[in-house]
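Peer 1: sequence and computational prediction follow.
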Amino acid sequence: MAPETTISDAKRKVLDLLKRQTALTAVNIASQLQLTDVAIRQHLGALEELGLVESKPLKPNGRGRPSSLWSLTDLADDLFPDHHADLTVDLINATRKALGEDGLLQIIEVRSKEQVSHYRTMIPKGASLKKRVEALAALRSAEGYMAEVEQEKPGQYLLIEHHCPICDAAKTCQGFCNAELDVFRKVLGRDVNVERIHHLMTDGDRCVYRIVG
């Protein structure tokens with residue numbers, strides 16, 4: 001996406017209005033922002049090229065030019081403040097203060113058990129190690145980890161996670177990282193050895209796991 005600095009004040013007002021009211025016609029937007037229809041259509045066209053807005057045609061109602069409803073795309077979410085990471089860290093610290101470190105680790109353990117249960121339903125039983133690791137990578141990618149698999153040699157693979165969507169939580173409590181390693185070992189099978197060889201939190205820009213079976 002283009003940097004936010006490329007978005008003029010007028011276009012930003014269009015985005016803010018669509019954020020508040022979800023879907024509007026160009027005429028509605030022009031009226032509320034007190035701008036001309038022509039100016040609004042130019043702004044919408046430019047924002048559409050940036051992938052920030054999209055339109056859906058409305059059913060014709062009598063004569064005249066058919067209208068379209070304009071709304072924000074998922075890409076536009078990046079332009080609005082998102083403090084969920086701060087909230088997560090606050091909740092972890094509050095849990096630690098209320099329940100102690102042991103209580104926090106118990107909560108992480110419950111989460112890990114739920115992960116194991118979910119992953120086991122999605123990873124094909126009896127499949128080759130390669131298929132199991134690829135299925136795990138697909139699940140992790142769906143959760144935002146940008147995971148991929150590389151084969152080092154027969155029976156030995158690298159699970160590489162290029163992004164960590166829980167990075168702030170992991171920095172606050174290392175129990176999350178320890179639990180993930182345990183989850184991988186449980187879902188891939190007792191015959192498989194899983195070792196973290198690079199860790200985003202300590203010695204690299206990504207997490208890499210060596211998986212041998």
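Peer 2: Looks like it came in fine.
Peer 1: what's the burial count for D102?
Peer 2: Other residues near D102 come to 8 when the count uses other C-beta atoms under 10 Å. The way it works is simple: take the backbone N, C-alpha and C, and place the C-beta from them, glycine included.
Peer 1: so what's it scoring on pLDDT?
Peer 2: Among the per-residue scores, D102 holds a pLDDT of 95.
Peer 1: host element of the nearest residue to R120 once chain neighbours are set aside?
Peer 2: Counting by C-beta to C-beta, 6 or more residues apart in numbering, R120 lies nearest to V187, which is 5.6 Å off, once chain neighbours are set aside. Assigned by DSSP states H and E, V187 belongs to helix 175-188.
Peer 1: export that helix to PDB, keeping only CA atoms.
Peer 2: Coordinates of the C-alpha atoms in helix 175-188 are reproduced here as PDB (Å, rounded to 0.1, in the frame of the first residue of the first chain):
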ATOM      1  CA  GLY A 175       5.900 -18.800  28.200                       C
ATOM      2  CA  PHE A 176       4.100 -18.300  24.900                       C
ATOM      3  CA  CYS A 177       7.300 -19.300  22.900                       C
ATOM      4  CA  ASN A 178       7.900 -22.300  25.200                       C
ATOM      5  CA  ALA A 179       4.400 -23.500  24.700                       C
ATOM      6  CA  GLU A 180       4.500 -23.200  20.900                       C
ATOM      7  CA  LEU A 181       7.500 -25.500  20.800                       C
ATOM      8  CA  ASP A 182       5.700 -28.000  22.900                       C
ATOM      9  CA  VAL A 183       2.600 -27.800  20.700                       C
ATOM     10  CA  PHE A 184       4.600 -28.600  17.600                       C
ATOM     11  CA  ARG A 185       6.100 -31.600  19.200                       C
ATOM     12  CA  LYS A 186       2.700 -32.900  20.300                       C
ATOM     13  CA  VAL A 187       0.900 -32.400  17.000                       C
ATOM     14  CA  LEU A 188       3.700 -33.800  14.700                       C
END
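Peer 1: sweet, I'm off.
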